[in-house]
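Novice: Compute the structure for the input listed below.
(chains A and B, ligands or ions: 1)
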Amino acid sequence: MSINGRAFLAGAFEHPGRELPNDSLAQIHATVCLGALADAGLTMEDVDGYFCGNDAAGAGWISMADYMGLRNLRYMDATESGGASPIYHVSHAAAAIAAGKCSVALVSLAGKPRTGIQPGGGGPVVPEDGFEGRMYGVVGSTSTYALAARRHMYEYGTTSEQLAEIKVAATIHASHNPNAFLRKVLTVEDVVNSPLIADPLHRADCCVITDGGGAVVVVSPEIAASLPRASVKILGSGEAGKIVNGGRTDLTYSSAVWSAPRAFAEAGVTPADVDYVSIYDSFTITVLMMLEDLGFCEKGEGGRFVQDGALVAPFGRLPFNTDGGGLANNHPGHRGGITKLIEAVRQLRDEANEGVQVPDCQIALVHGNGGDLGTRMRSATMILGREDS
Amino acid sequence: MTTVRTDSALPVPAPIINPDTAEYWAATLEGRLLITRCSQCGEASWYPRPICPFCHSTDTVLEQASGRGTVYTFSVVRKVPGPWAKAAPYVLAYVELEEGPRMMTNIVDCPVEDVSIGAPVEVAFFDTGEGSALPRFRLVDA
Ligand SMILES: [Zn+2]
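Specialist: Purely as a prediction, here's the structure:
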């Protein structure tokens, strides 16, 4: 696809300062972003795409999005290509706009080499440092996901036994997978009797820790048609970010509530059409909340949805993570996205393990939650179909 | 008058202070909790920063919060690696301040079993030893 004539540069701003000892790195980004938007006649509320490189303060795009209050993002790109990064970003933004993925993309770059890297003002320090996380004994992510789990229980009556059903289904699937890390089928009692790590999450509510990895190849329709193997059609995708929003923190939902409708709309299908789901399962609560946010049940009904073997392949209402997922099979490098794509491809090729292949699997959903249900996060949802769909 | 305490049962990490937050941290040494108030839209926001995340104005000021609030959610952290291991079990929480923002913190000075969602709390400051004090919260009577 050509981007010729499909996108335009509408605003630009150069910071007038050349020595900025009293500005934080994040503040400089915000200053030039406001300047460029003003030049274009736009506001932060108009922005739905944000692009930055490693020069941005904090953990990629989300830290700056949080800092500036960008709450409407649906496309983001932290592609790091050294000094050429903003050129890549503009190119990507044009392609994304041509494809309808965003309409106002903001690209920023800033640094402080002259007045030095000052604490919190430069280098890889997130702008929220000092106000959460390490200050309060957050080590890893179990305790912050536990904050979300506790609130879900309080608001909707979700129980530890319901969360445990998700782990049980994963271990049933893993028992069919000769490569799975955990091959022992657990019961609800096993899960709730495992040690509490961060109340209300038990050790068995957590994913496994494994080495490994995976990859997928994405090709053009022409190439796909020329290959002997069955391919999988990408029908739609959606992206979103959820920011802490100035302290109006609400832990009862994830940014999947925005990414999922976008993916379904692009694909022209609904949750009722989905035969199989790969859901990034860092913890049991992650899956439960995603089932709600992806639209497979109403908010607050996740606990009841997962009872009675709903997630168990091949005959449950919504078979999930038939490789055993991160909860039982594999979580290489503490990252669950690639394995979710791979298992969806297997299902759509009828190549899942014996005993967990979903009959006549036509439509699969893949969802990843990156970040933290307890603070700020990114969501990506993808709808896949068979080659001839 | 709130005083800065040196009797913490939990580790007291020091923040990295930057131009956004110097005024905030200086106030903690006086036992005062500051939040950002936007002069344009009037919203109180957390964490401190010079841009308002609601209307994006940079016309903001730090004002003193009451230091009172309620528990929005919490977790009793029981198993953790590293320097916090000896402090376990301890309570990680979000407190909803009277002014609106919810902030991550710890609930201290009580058995972990006593903490519940909705419980009223007030701030207490703990000296980091590095020119700042960390706000945590303790249960109080309603
Ligand atoms: Zn404002």
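
Novice: And the residue of the stretch 201-350 of chain A closest to the ion?
Specialist: residue A:246 (8.7 Å; CB to the ion). All C-beta atoms are positioned from the backbone trio N, CA, C, and that covers glycine.

Novice: So that residue sits against residue B:46, correct?
Specialist: Yes: Residue A:246 lies in contact with residue B:46 (CB atoms under 8 Å); the separation is 6.4 Å.

Novice: Now do the residue of the stretch 201-350 of chain A closest to the ion against residue B:130, distance only.
Specialist: Distance, residue A:246 to residue B:130, by CB to CB, to the nearest Å: 27 Å.

Novice: swap in residue A:338?
Specialist: Residue A:338 is 41 Å from residue B:130, where distance means CB to CB.

Novice: Can you pick out the residue with more neighbours from the two?
Specialist: Comparing residue A:338 with residue B:130 by other CB atoms under 10 Å in any protein chain shown, the one with more neighbours is residue A:338, at 17 against 13.

Novice: which stretches of chain B have low pLDDT?
Specialist: Along chain B, the model assigns pLDDT under 70 to residues B:1-2.

Novice: As a check, name the ranges of all helices in it.
Specialist: B:22-28 (DSSP state H).

Novice: close to chain A, is the strand ranked longest in it?
Specialist: Assignment by DSSP state E gives strand B:68-77 as the longest strand of chain B. Yes: applying CB under 8 Å from any CB of the partner chain, one finds strand B:68-77 touching chain A at B:72-77.

Novice: Give me the neighbour count for residue A:272.
Specialist: 8.

Novice: Could you do the one 4 residues further on as well?
Specialist: Around residue A:276 sit 27 other residues, with neighbours defined as other CB under 10 Å.

Novice: doesn't residue A:361 make contact with it?
Specialist: Yes: Residue A:276 is within contact range of residue A:361, at 5.3 Å (criterion: CB under 8 Å).

Novice: Which neighbours do the two have in common?
Specialist: Common contacts of residue A:276 and residue A:361 (CB atoms under 8 Å, 6 or more residues apart in numbering or on different chains): A:347-348.

Novice: List the contacts of the most centrally placed residue in chain B.
Specialist: Taking CA atoms, centre = their mean, the centroid of chain B lies closest to residue B:135, which sits 4.0 Å from it. Each residue near residue B:135 by CB under 8 Å, 6+ apart is listed here: B:28, B:33, B:103, B:105, B:123-125.

Novice: and if you look at residue A:366?
Specialist: A:277-278, A:340-341, A:344, A:381-384.

Novice: And for residue A:163?
Specialist: A:149, A:191, A:200-201, A:205, A:284-285, A:288, A:303 are the contacts of residue A:163 under CB under 8 Å, 6+ apart.

Novice: just checking, which of those residues belong to strands?
Specialist: The members of the contacts of residue A:163 that map onto strands under DSSP E are residue A:201.

Novice: what subset of the contacts of residue A:163 is also close to chain B?
Specialist: The subset of the contacts of residue A:163 within reach of chain B, counting by CB under 8 Å from any CB, consists of A:149, A:200-201.
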